[in-house]
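Asks: any chance you could fold what I've pasted below:
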Amino acid sequence: MHNPLLTVDLVGDEIDQRRETGYEVEAIAAQFASTDDADEATHERLLVELQNAPRSSSWNYEEPDDLDGILATLPPSTETAAMGEQLEDRILGGWLGRIAGCNLGKPIENGWVWTPAHIRQYLELANAYPLRDYIPALDPMPEGFAFVHCWPNTTRGRIDGSDRDDDIDYAILGMHLLETFGTAVTTRNIADSWLFFLPYYQVYTAERAAYTNLVRSVPLEDVARTRNPYREWIGALIRGDAFGWINPGRPRAAARLAYVDASLSHVANGIYGEMWSAALVAAAFTSSTATEAFEASLQHIPPRSRLREALDDVQRMYRSGLSWDDGIAEIHQRYGHYSWVHTVNNAAVIAAGLLWGEGDYAATVGLTVQGGWDTDSNGATAGSVAGVLLGGEALPTQFIEPLHDRTGSALFGFDQSRISDLAQRTVVLARAAAESA
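Replies: Residues are numbered from 1 along each chain as shown. Have a look, this model is predicted:
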């Protein structure tokens, strides 16, 4: 499923991607529905036809892919570096908050099965609703409920150091890239580092498609769009934190660096997702509340994009006094047509967790994970922002102590890294970035 090496998967997923972005593909979809799964020649022909499908005249969004085009849609940004005495604790909070939030969501990372209603039903059976700690595993598991394979390492009472996850791998890789190349890092540097440090089977969807293209020597500027129907999914959004951590109080600088990374594998809202997450993290250093950081982050997303539309919707829901339950229901109703690992719908869930969480770490990550879809990625991003806002010392012990200052990683040379060491290295990078700004 979603295998970039299978043309039948590429055609089915490209139909969805084109349909979501306003292209007229129904005739091609009808042809695809009538083909045999093994009819490779027809699938290749349909894939070409999809690239040439016309866009509907009713399409009303403005979603540029190039950095200059994106920046032209944005208001000017005031950058105020935040390099105070709390910097070390707040960067540590970002790392710990991200890693704990990721582990919180990992046992139920299956958005088609673990819907908000299904999550709530299980948590109530486990006497763990609302979610304010790691998810407990019932023994035996009730009929109709099944965790994903990592549950022995990520459920309450079983965590002994952080489990490995791509949401953590990319944060570590971002730090390493900045240590190696500084803020002059290029997309080619990032591409080469993927091939050297990341095992192929530990990257997914858009990243796996891009990886495949790199191995096949597709020109760098074509990697994101070649045989990659996952180019607006959440994979880039989860890679933005390191660029935010090293740019405290400089969200536009963080967003610019995030673009360099995201454009390797993503386009349009896929790129905006990483620019948003990086800006959100950077803004948290100079914000007193999650709401303030969220509002500041909106200035770094093209205003006529689908991502901005979704985030504005969540802000409207929150300001109108809607309950979190009703807000999540509306988010799922409005954006549930996207894949459960798309950027737009998951960003909306992250925003809801931050706004309704109101600065409480346990409530923020708990509500975010209860929102469903890509639970570990969403918990990680919301946890990073909340961790920066609060600082490492203020994070709840039930989330932090089981990590034992240690995280697994598939990244070559970084397995069993000390979290405190990763944070201290990031502090050095933040100071260096401030000096060169």
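Asks: per-domain residue ranges of the protein.
Replies: For the chain, automatic domain parsing gives the domain ranges 7-51, 67-107+162-436.
Asks: between those domains, which one is nearest to P136?
Replies: With CB to CB, the closest approach to P136 among the domains of the chain belongs to domain 67-107+162-436: 9.7 Å. For every residue, glycine as well, the C-beta is placed using N, CA and C.
Asks: distance between the ends of that closest one?
Replies: Distance across domain 67-107+162-436, first residue to last, is 21 Å (CA to CA, to the nearest Å).
Asks: just stretch 156-176 next, same as before
Replies: Criterion CA to CA; first-to-last residue distance in stretch 156-176 is 31 Å.
Asks: buried residues in that stretch?
Replies: Residues 156, 159, 161-176 are the ones in stretch 156-176 that count as buried (16 or more other CB atoms under 10 Å).
Asks: so where's this protein shaky on pLDDT?
Replies: Applying pLDDT under 70 to the chain flags no residue at all.
Asks: how about the strands of it, start to end?
Replies: Applying DSSP state E to the chain gives strands spanning 406-407, 417-418.
Asks: winner for burial among those?
Replies: Most buried of the strands of the chain by mean neighbour count (mean count of other CB atoms under 10 Å) is strand 406-407; its value is a mean of 22.
Asks: and that strand, what does it pack onto?
Replies: strand 417-418, helix 419-436 (3 or more CB pairs under 8 Å, 6 or more residues apart in numbering; DSSP states H and E).
Asks: in CSV, list those along with distance to E358.
Replies: Listed next are the helices and strands packed on strand 406-407 as CSV, based on distance: least, CB to CB, whole Å:
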stretch, distance to E358
strand 417-418, 31
helix 419-436, 25
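Asks: so which of these gets nearest T368?
Replies: helix 419-436 (20.3 Å).
Asks: return the set of buried residues in that closest one.
Replies: 419, 422-423, 425-427, 429-430, 433-434.
Asks: same question, stretch 67-74
Replies: Neighbour-count burial for stretch 67-74 [16+ other CB under 10 Å]: 70-71.
Asks: repeat that for stretch 357-376.
Replies: For stretch 357-376, by 16+ other CB under 10 Å, it's 357, 360-376.
Asks: what's the answer for stretch 400-419, then?
Replies: Those would be 400, 402-403, 405-411, 414, 417, 419, for stretch 400-419 by 16+ other CB under 10 Å.
Asks: which of the domains of the chain sits most buried?
Replies: Using mean count of other CB under 10 Å, domain 67-107+162-436 ranks as the most buried of these, with a mean of 22.
Asks: how far is that one from where the chain is centred?
Replies: 5 Å (CA atoms, centre = their mean, to the nearest Å).
Asks: redo the domains of the chain as TSV? Include distance to P140.
Replies: Formatted as TSV, the domains of the chain follow (distance: least, CB to CB, whole Å):
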stretch	distance to P140
domain 7-51	35
domain 67-107+162-436	16
